[in-house]
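Engineer: Pasted the sequence and its predicted model underneath.
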Amino acid sequence: MPANRQVNVHVIADSSGETAARLARAAQAQFPRSRFSIVRHPRVKDGEALLRVFDRITAARAADPQGRIVILFTLVKREMAEMVRRYCTDKQLHCADLLGDTLQAIEQTTGSEADEVVMRPVAVEADYFDRISAMEFAVRNDDGVMPEALAECDICLVGASRSGKTPLSLYLGYVGYKTVNVPLVPGIAPPEELFEIERWRIVGLTIDAERLLQIRSRRVKTLGGYGTKDGGYADLAKIYDELDEVGRIQRQLGCPVIDTTGLALEEAAARVTDLVEARARKAGSRLRRTPGSLRLAP
């Protein structure tokens, strides 16, 4: 398909359509040369409402005959899902039933049928409030602003400025770990509390010097030029020296170090938890987990 041809993803849902829209956004990231537009048709509760959606899609297709259409749907009622499939077959449109196969697989496993109740609220996960608490903890303790909180953390990230500590600590908070991140700055001693917590909780982060220069240079521009060469913040030679000094402190702490250069956030988080859990076991301890909490796959 030509790179400039837009793909219109129509999401049909009997609820908000957020699940299908999120999946559509995740999928479109795999097609960077194509342009996408996600059109949501939420709260489609009966056949009459579904027919109105079909009319809108047909009209949009007539207005842009060169456009490309994909239909994603999450409908719990079988007859409505079948209506979508028949419509797509008739109009020669590609579609995906994002919920039907899941319901069918669970039915076959449990031996019982889905209730097919539209707009039924999704239950709050068992660890929901623990995850919210962990996220708040990560926000409060960004950049080691409260060293005394180190004693409460599940995981502690240490590394140079802009090595990825903040987004990673927030993501780890999202999956249920109380995470604190501490910047290691040459010439400034780390907080004493960092040397008092169990070493297995600490993971160091590093990053390629040239990549760090790019990140910091963009940061400098947003600050109106503050921290340029004279300060060393965005000077390559001084960055190399800084990373060497940070590495020395990380070795002093005896912590493993993860290189975040080009590493996806989810993968970095999985590596962190794997390292901490393994080190905790060796130390005869364990990383706190709450019932039902999200599990990161390696």
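Structural biologist: Received, thanks.

Engineer: for residue 69, helix, strand, or coil?
Structural biologist: strand (DSSP: H, G, I helix; E, B strand; the rest coil).

Engineer: Wait, it touches residue 92, no?
Structural biologist: No. With contacts defined as CB atoms under 8 Å, residue 69 does not count as touching residue 92, sitting 9.9 Å away. Glycine gets a C-beta too; all of them are placed from N, C-alpha and C.

Engineer: Compare these two (neighbour count), which wins?
Structural biologist: residue 69 (21 against 7; other CB atoms under 10 Å).

Engineer: Which parts of the chain are helices?
Structural biologist: 18-28, 47-63, 78-91, 100-110, 128-140, 165-174, 209-222, 236-253, 265-282 (DSSP state H).

Engineer: And for the last one, what's in contact with it?
Structural biologist: Pointing back at helix 265-282 there. Applying CB atoms under 8 Å, 6 or more residues apart in numbering, the external contacts of helix 265-282 come out as 154-155, 157, 164, 167-168, 171-172, 175, 177, 199-201, 203, 256, 258, 260, 263, 286-287, 296-298.

Engineer: what mean pLDDT does it have?
Structural biologist: Throughout helix 265-282, pLDDT has a mean value of 92.

Engineer: hey, what's residue 73 bridged with?
Structural biologist: Legend: beta-bridge partners of residue 73 under DSSP bridges are residue 12, residue 97.

Engineer: Thought residue 20 was touching it, still the case?
Structural biologist: Yes. Between residue 73 and residue 20 there is a contact under CB under 8 Å: 7.0 Å.

Engineer: Please enumerate the shared neighbours of the two.
Structural biologist: Overlap between the contact sets of residue 73 and residue 20, as judged by CB under 8 Å, 6+ apart, is given by 11, 12, 13, 98.

Engineer: Include distance to residue 27 when you put those into a markdown table, please.
Structural biologist: A markdown table is the format used below for the shared contacts of residue 73 and residue 20 (distance: CB to CB, whole Å):
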| residue | distance to residue 27 |
| --- | --- |
| 11 | 12 |
| 12 | 16 |
| 13 | 16 |
| 98 | 11 |
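
Engineer: Out of the residues you listed, grab the one that's most surrounded.
Structural biologist: Highest neighbour count within those: residue 12, with 27 neighbours (other CB under 10 Å).

Engineer: for it, what are its contacts?
Structural biologist: With CB under 8 Å, 6+ apart, residue 12 has these contacts: 20, 41, 44, 50, 53, 71, 72, 73, 74, 75, 84.

Engineer: any idea which of these is the one closest to residue 243?
Structural biologist: Of all the contacts of residue 12, residue 20 has the smallest distance to residue 243: 43.4 Å, by CB to CB.

Engineer: Give me the average confidence score over stretch 25-35.
Structural biologist: pLDDT averaged over stretch 25-35 gives 87.

Engineer: Stretch 162-171 now?
Structural biologist: 93.

Engineer: First residue to last residue on stretch 250-258, what's the distance there?
Structural biologist: 11 Å (CA to CA, to the nearest Å).

Engineer: Tell me which residues of that stretch come out buried.
Structural biologist: 250, 253, 255, 257, 258 (16 or more other CB atoms under 10 Å).

Engineer: what residues does that stretch touch?
Structural biologist: 158-159, 184, 194-195, 199, 202-206, 247, 268, 271-272, 275, 279.

Engineer: just the contacts of residue 12: which has the poorest pLDDT?
Structural biologist: residue 20 (88).

Engineer: Pretty sure that one sits against residue 75.
Structural biologist: No. If you go by CB under 8 Å, residue 20 and residue 75 don't touch, sitting 10.0 Å apart.

Engineer: what is in contact with the two at once?
Structural biologist: With CB under 8 Å, 6+ apart as the test, residue 20 and residue 75 both reach 12, 13.

Engineer: How far off centre is stretch 57-77?
Structural biologist: Stretch 57-77 has its C-alpha centroid displaced from the chain centroid by 28 Å (CA atoms, centre = their mean, to the nearest Å).

Engineer: Ok, stretch 71-79 next?
Structural biologist: Using CA atoms, centre = their mean, the offset of stretch 71-79 from its chain centre is 26 Å.

Engineer: picking up where we left off before, return the members of the contacts of stretch 250-258 classed as buried.
Structural biologist: For the contacts of stretch 250-258, a burial check counting by 16+ other CB under 10 Å picks out 158-159, 184, 194, 202-206, 247, 268, 271-272, 275, 279.

Engineer: Any chance of TSV for the shared contacts of residue 73 and residue 20, columns pLDDT and distance to residue 111?
Structural biologist: Formatted as TSV, the shared contacts of residue 73 and residue 20 follow (pLDDT from 0 to 100; distance: CB to CB, whole Å):
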residue	pLDDT	distance to residue 111
11	94	31
12	95	29
13	92	27
98	92	23
